[in-house]
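J.: Need coordinates for the below:
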Amino acid sequence: MPYRIVRHDHPATETLAAVAALWNANASGRHAFLPWTAELLAEFLVPDGYPVGTLLTAQWHEGAAGETAGECAAFAHVNEVREDGYPHAGAVEALLVDERHRGRGVGTALLRRALEITDSYRPAPALVDALGAWPFGYAFTGLADGSERSGVFVHDTAAYRLFRRAGFEPVRKSIVMRASLARAEGRPFPPGMAFAIAKRTQRTWLDRVFRGRELWDHELLGRDRRILSRGIFGFMEEESRREGRALFSLFGVNTALDVRGRGYAGVNLSHLMAHVRDLGGEEMELHVYADNTPAIRLYAGLGFRPVAETMMMHRA
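T.: Residues are numbered from 1 along each chain as shown. Sure, this is the predicted structure:
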């Protein structure tokens, strides 16, 4: 194969710049964070000078017409997942092949090398939902139950076929939904209840995944000041710049188990959306599993409509 796969445990600036350029040139048709820069990747992949996982690049090393020897033809980012409540696992968090180099086996070779790295991570003894609460990621592997999971955008047929060839089977679909905030209006709520809005201070996996983004909690409080429902939201700066509109994302919704079914989540989210509109937000985005019918019904009632789909895949 006319490619050389290089492992970068401490990626240099020129490597990050090549990966950023590759992504920006090939991901415009995807539902993706754009644009990337070497500086942004350095902050994301090497925070505080300490690399998070491993970067793999496939470099073209046999010069051909229109192709330069040494150019970055594909890349994969491999991370070690060690979050509270989740198993110790490896994750191929991103994999992309330049359109000019597709169909040559470079994606297959890159994924094989990436899975070799994740296989080296030793799983924790506890058995959990294998990151089932997180609809992203690509090829979570080395899980406590010995299985592997991946998530790819359904319309990204090349990536979908690549994971299928690697033995992954589709198991669960996630839907990306968006809503206009132009007419957002808070729903009525019982007397004595109140809302609390504060900058998020918890340091969970969510805050680390979206490092550099300012996240906020929007909470519905009962008469006794107990939190009945919490929504986590944040401003999508790069996406807003790209699309020319103020886009916010809803990163999570939690409702106390003993009060579910009383409409508290809808009340909280409706006021959250109105609050974001008052901040200048124009659209809000969220992700939900396709089989979570109650949540989809709730979001649809608030004006959210599907715009893309991802598929969780599994390999035993």
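J.: Name the nearest residue to residue 61, sequence neighbours excluded.
T.: Once flanking residues are discounted, residue 61 sits nearest to residue 4: 4.8 Å by C-beta to C-beta, 6 or more residues apart in numbering. No exception for glycine: its C-beta is placed from N, CA and C like everyone else's.
J.: Thought residue 72 was touching that neighbour, still the case?
T.: No: applying C-beta atoms under 8 Å, one finds residue 4 not in contact with residue 72, separated by 10.9 Å.
J.: Pick out whichever of the two has more residues nearby.
T.: Comparing residue 4 with residue 72 by other C-beta atoms under 10 Å, the one with more neighbours is residue 72, at 21 against 14.
J.: ok now do that one, which residues does it touch?
T.: Residues near residue 72 by C-beta atoms under 8 Å, 6 or more residues apart in numbering: 15, 18, 19, 21, 22, 57, 58, 59, 98.
J.: now what about the helix or strand the third one falls within, what contacts it?
T.: With the criterion set as DSSP states H and E, the secondary-structure element containing residue 19 is helix 13-26. With contacts defined as C-beta under 8 Å, 6+ apart, helix 13-26 is touched by 8, 11, 32, 34-38, 40-42, 45, 55, 57, 71-75, 96-99.
J.: Now the residue located most distally from the centre of the chain: phi and psi?
T.: Checked against the mean C-alpha position of the chain, the extreme residue using C-alpha atoms, centre = their mean is residue 191, at a distance of 37.8 Å. Summarising the backbone geometry of residue 191 under the convention degrees, to the nearest 10, its torsions are phi -60, psi 150.
J.: Model confidence score at it, please.
T.: Each residue has a pLDDT score; the one for residue 191 is 90.
J.: Pretty sure residue 11 sits against residue 53.
T.: No: with contact defined as C-beta under 8 Å, residue 11 does not reach residue 53; the gap is 10.3 Å.
J.: higher neighbour count, those two?
T.: With neighbours defined as other C-beta under 10 Å, residue 11 and residue 53 compare such that residue 11 has more, 24 against 19.
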